[in-house]
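In: Here's my sequence, what's the structure:
(chains A and B)
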Protein chains: 2
Amino acid sequence: MSEKHLQSGDSLPPFTGKLRLFAMRFCPYAERSILCLNAKKLQYDLVFINLDHKPEWIFQFNPKGAVPALEYEEGKAIFDSNVINVYLDEKYPEIPLQNSDPLRRAQDKLLVEMFAGAQSAYYTAAFNPQAVEPSMVENFHKGLDLLQKEIESRGTKFLNGDEPGLVDYTIWPFLERFEALPILGQQEFAIDKSKYEILITYMAAMRDSPAVKAYALAPDTHAKFTESRIKGDANYNMLDTSAVCCMRPRKKKE
Amino acid sequence: MSEKHLQSGDSLPPFTGKLRLFAMRFCPYAERSILCLNAKKLQYDLVFINLDHKPEWIFQFNPKGAVPALEYEEGKAIFDSNVINVYLDEKYPEIPLQNSDPLRRAQDKLLVEMFAGAQSAYYTAAFNPQAVEPSMVENFHKGLDLLQKEIESRGTKFLNGDEPGLVDYTIWPFLERFEALPILGQQEFAIDKSKYEILITYMAAMRDSPAVKAYALAPDTHAKFTESRIKGDANYNMLDTSAVCCMRPRKKKE
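Out: The predicted structure is shown next:
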């Protein structure tokens, strides 16, 4: 894996034959796929890229130049976190991360879709705080309400059941980042401990699950990266990314 | 089914026990699900609704109040054309509409995603023509190029193979409407017959396929509806919708 975020001018590391994910250490969409790879106990290489100075070769793997992209065979890739994760789950069925009932799978997708309003409010609050409007604060809390109600009505530890599944790993990266908002001075986006007791219990269980534990960052780390990005000088390499992903079998030096 | 588009104040027709789709006669997203229901030879009831004066009960089936929504059990529904179609295909596997290879299914989803630029250009050209910018005309033709190249490289009659599949039924409703643009005076959005020969052959084959034939409308019909909508008085009931969907077993009077 890359020791730092590769950028324009850097060459593409050689393909080792393993699945290879192109990501960015602080990207919630890339995190979705990393959690899925971890949970399915798949071996993979990870290449982090600088999204402000993209290496030219990223466009070979995703015409949009975005992360995540998954190189499943040398020079061949798919992109979009949801597309990647469903592909991985169907291609490598040993550890299934989706419910076996088609209706439940549809409901899981709709939950993710309905939660998107909270995500979009988060982006404004984090990266464009002066544009926050009351309707966004409302949408954020509506998303939390929806999620808490769903956890409660399903009556299981995770949305997926006794263990987290794709639906949990798809929503989690945003919950992880939501906790950075009060640190960034956005008190209106704090998650009220008494109102959201069930949600907070769920979040603690998610943070404690192996796939998440191996990759999640603390709220203040997210806040620091966000601050650097707001200043126009995103500090991609603020962490030692050579050891973040403990589920990969070993650290490899280039 | 409803003889006309039901609106605010109209009551919800009784549930008959069949799958029931809430749609709007001219909506491309609703059409995606109708084509899927037709192709899978499923029995269903159809309720058209007026999107400018929505009946209050539509929000019971889709909190966004949009179409399509599928009532799969009395009072219980899912929404979003892609979610509905994958659900139908997985729940009723007798006539499968997706490829059995997970990679091909991922590629089909990415094709739909990459084609979205052309769709969005279409919406501006049709409903907000004064806002058309050169980049939109470019995106539109990029979408056509992408699609034609994909049809050519797959080397099959349809994207899905010898018969159309979800990927074809998902893209088709937009191709059907693209042909209304020159009638609406948007000559820059015409599909060049010599440049897009392969695409045009594909479109003719799609129009001729049973599921599409039973529901598709002519370009000038789409143009007429679009004109009425631009004028602020969308003519939802300009067609006799009591017989449009020949795959339903019989016409039922309320």
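In: which residues touch A:F174?
Out: Contact analysis of A:F174 by C-beta atoms under 8 Å, 6 or more residues apart in numbering or on different chains lists A:28, A:115, A:118-119, A:122. From N, CA and C alone the C-beta is placed, and that goes for glycine too.
In: Any buried residues in the helix or strand A:M203 falls within, and which?
Out: If you go by DSSP states H and E, A:M203 is part of helix A:197-208. Residues of helix A:197-208 classed as buried: A:199-200, A:202-203, A:206 (neighbour count, 16 or more other C-beta atoms under 10 Å in any protein chain shown).
In: Centre of the chain to that helix, how far?
Out: Using C-alpha atoms, centre = their mean, to the nearest Å, the distance from the centre of helix A:197-208 to the centre of the chain it belongs to is 16 Å.
In: helices or strands next to the helix or strand just after that helix in the packing?
Out: Using DSSP H and E, the helix or strand that follows helix A:197-208 in sequence is helix A:210-213. Helices and strands touching helix A:210-213, by 3 or more C-beta pairs under 8 Å, 6 or more residues apart in numbering or on different chains; DSSP states H and E, are helix A:28-39, helix A:166-178.
In: what's in contact with helix A:210-213?
Out: Residues contacting helix A:210-213 (C-beta under 8 Å, 6+ apart): A:35-36, A:38-39, A:164, A:169, A:172, A:176, A:206-207, A:247.
In: swap in stretch A:190-204?
Out: Outside stretch A:190-204, the residues touching it (C-beta under 8 Å, 6+ apart) are A:144, A:147-148, A:151-152, A:157-158, A:175, A:178-179, A:181-182.
In: residues in contact with the closest residue to A:V67 other than its chain neighbours?
Out: Excluding the flanking residues, the one nearest A:V67 by C-beta to C-beta, 6 or more residues apart in numbering or on different chains is A:A30, at 4.6 Å. A:A30 sits next to A:21-24, A:67-68, A:81 when contact means C-beta under 8 Å, 6+ apart.
In: what do you get for A:H222?
Out: A:26, A:176-177, A:179-180 are the contacts of A:H222 under C-beta under 8 Å, 6+ apart.
In: Now the buried members of these.
Out: Buried among the contacts of A:H222 by 16+ other C-beta under 10 Å: A:26, A:176-177, A:179-180.
In: Tell me the buried residues in stretch A:169-186?
Out: A:169-181, A:183-184, A:186.
In: starting at the chain centroid, how far to the longest helix anywhere in chain A?
Out: Longest helix of chain A, by residue count under DSSP state H: helix A:102-127. Here helix A:102-127 is found 13 Å from its chain centre; the criterion is C-alpha atoms, centre = their mean.
In: Please parse chain A into its domains.
Out: What the TED database lists as the domains of chain A is A:19-91, A:102-216.
In: Distance to A:E227 for these - can I get that in CSV?
Out: Converted to CSV, these look like this (distance: least, C-beta to C-beta, whole Å):
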stretch, distance to A:E227
domain A:19-91, 12
domain A:102-216, 7
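In: out of those, nearest to B:Q43?
Out: domain A:102-216 (18.2 Å; C-beta to C-beta).
In: Determine how far the last residue of the closest one lies from the first.
Out: Taking C-alpha to C-alpha, to the nearest Å, domain A:102-216 runs 30 Å from one end to the other.
In: pLDDT of it, averaged?
Out: If you average the pLDDT over domain A:102-216, you get 97.
In: Same list (the helices and strands packed on helix A:210-213) but as CSV, adding distance to B:G9.
Out: Listed next are those as CSV, based on distance: least, C-beta to C-beta, whole Å:
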stretch, distance to B:G9
helix A:28-39, 43
helix A:166-178, 38
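In: Which of the contacts of A:A30 fall in strands?
Out: Among the contacts of A:A30, DSSP state E puts A:21-23 in strands.
In: Assign A:D240 to helix, strand or coil.
Out: Classification of A:D240 by DSSP: H, G, I helix; E, B strand; the rest coil places it in coil.
In: Could you tell me how many residues sit around the closest residue to A:Y215 other than its chain neighbours?
Out: Computed as C-beta to C-beta, 6+ apart, the closest residue to A:Y215 that is not its neighbour in sequence is A:I34, at 5.4 Å. The tally of other residues near A:I34 (other C-beta atoms under 10 Å in any protein chain shown) stands at 26.
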